[in-house]
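J.: Prediction below, plus the sequence it came from.
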Amino acid sequence: MNAALLLLPDFLLIALGAALSRSRQFDAGFWAGLERLVYFVLFPALLFRSLAASPRDFADAGTLALVGVGFTLAGIALSALAHPLFRLPHPTFAACFQCGFRFNTYVALAAAARIGGTDAVAAMSLLVGLLVPLVNVVAVTMLVRGNGAAIVLAVARNPLVIACALGIAWHALGIPLPTVAGRILELMAAAALPLGLLAVGAGLRPAGAALRLPPLAYWLAVKLLAVPAAALVLSRVLDVPALERQVAVALAAVSTAPSAYILAVQMRANGAAASLLISAGTLAAALTLPLWIALAA
C-alpha cells in the first residue's frame, strides 16, 4: 500500500497528460514539442546532473550493473521467443519485440525519486546509462535487420547515452559542478520528471485491432511480470543492498517507453501494435509496479 501511495502522484500526472491531450487547448504540435524538449534537453540534464554530482562511487556498482544486464537479457530472450510462438509478420514482431525489454525512463526515475531521493536517482541514472545503449542496439538491430552503420549512428546520437557518458566522465574527474551551472541543471532536472510524465500520458495511443490477444498478453506478461521477477531473483542471489534492489526492480517493472512506438514508425514497422502494447502496459503498470517495489523492499 505504501508503494502504491508513493507512486500515485506520478500515475495521476500520466492520467492528467492523457486528459489534457484530448483537450482542444493542447494540440498534437504542442505535445510533440514538449516531448522533444523533455527528451533532448530536460531529461539529459537530469541524467547528467544525477551522475556528475552523485556521491556514489561507481566502481562499487558492479553488482547492480550485473543485475541490470541480467534482467535485460532475460527480457530480450523471452521477447524473442514470441517469434516461434506466434509466427507474426516481421514488421509486427520487430515493433513488438522491443516492448519486452525497453523501459520508460521517465517513470523509472520518478519512482526512484520516491523510493530513495538523490541516492536512488543516482543509482537509477547509472543503470539507465548502462542499459539505454544495450536496449537501443538490440531494438534497432531487429528493426533494421543488420544494418550496422544505422545501429551505431542511432546509438551514438541518442541524447540519453550522450548525457550519461558525459555525467560519468565528469564524476570520474572529481570536479564539482560550478554553482550557476549546477543551479540551472537542478531547475531543468526538476522540470524533467513532471513534464515527462505528462508527455507519457499524452502519448497513450490505444489501437484495439493492431495485435491479437495472445501475443498482447504474452508481451505484457514478459515486461510486467517475468522481467521484474528476474530482477528480484538476481538482486537477492547477488545480495544487492535494499535500496539498489528496489531501484533495479523498479526499472525492470516499468512499462515500455513511448519512444518504442516512434522508433517502430521511423523504421516502417507496425507502429500501431507497439502503441497498443505501450498503452496497455502503462495502464497495467499502475497496479503492478507498486507491488514489485513493495516485494523488493
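T.: Looks like it came in fine.

J.: alpha carbons only for contacts and neighbour counts from here, please
T.: Fine.

J.: give me the low-pLDDT residue ranges for this protein?
T.: The chain contains residues with pLDDT under 70 at 1-7, 55-60, 145-151, 154-155, 205-210, 262, 266.

J.: Any buried residues in the longest helix anywhere in it, and which?
T.: Of all segments of type helix in the chain, defined using DSSP state H, the longest is helix 105-144. Neighbour-count burial for helix 105-144, counted by 16 or more other C-alpha atoms under 10 Å, picks out 105-116, 118-143.

J.: mind checking how far that helix is from the chain centre?
T.: 5 Å (C-alpha atoms, centre = their mean, to the nearest Å).

J.: packing partners for it?
T.: helix 2-21, helix 43-52, helix 62-80, helix 90-97, helix 148-156, helix 159-173, helix 179-202, helix 242-253 (3 or more C-alpha pairs under 8 Å, 6 or more residues apart in numbering; DSSP states H and E).

J.: need those in a markdown table with distance to residue 292 and mean neighbour count, can you?
T.: Listed next are these as a markdown table, based on distance: least, C-alpha to C-alpha, whole Å; neighbours: other C-alpha atoms under 10 Å:
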| stretch | distance to residue 292 | mean neighbour count |
| --- | --- | --- |
| helix 2-21 | 9 | 18 |
| helix 43-52 | 24 | 27 |
| helix 62-80 | 14 | 20 |
| helix 90-97 | 23 | 24 |
| helix 148-156 | 30 | 14 |
| helix 159-173 | 26 | 20 |
| helix 179-202 | 20 | 19 |
| helix 242-253 | 7 | 26 |
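
J.: In CSV: these, plus distance to residue 227.
T.: Converted to CSV, the helices and strands packed on helix 105-144 look like this (distance: least, C-alpha to C-alpha, whole Å):
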stretch, distance to residue 227
helix 2-21, 19
helix 43-52, 23
helix 62-80, 6
helix 90-97, 14
helix 148-156, 23
helix 159-173, 22
helix 179-202, 21
helix 242-253, 6
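
J.: Out of these, flag the one nearest residue 29.
T.: helix 2-21 (10.5 Å; C-alpha to C-alpha).
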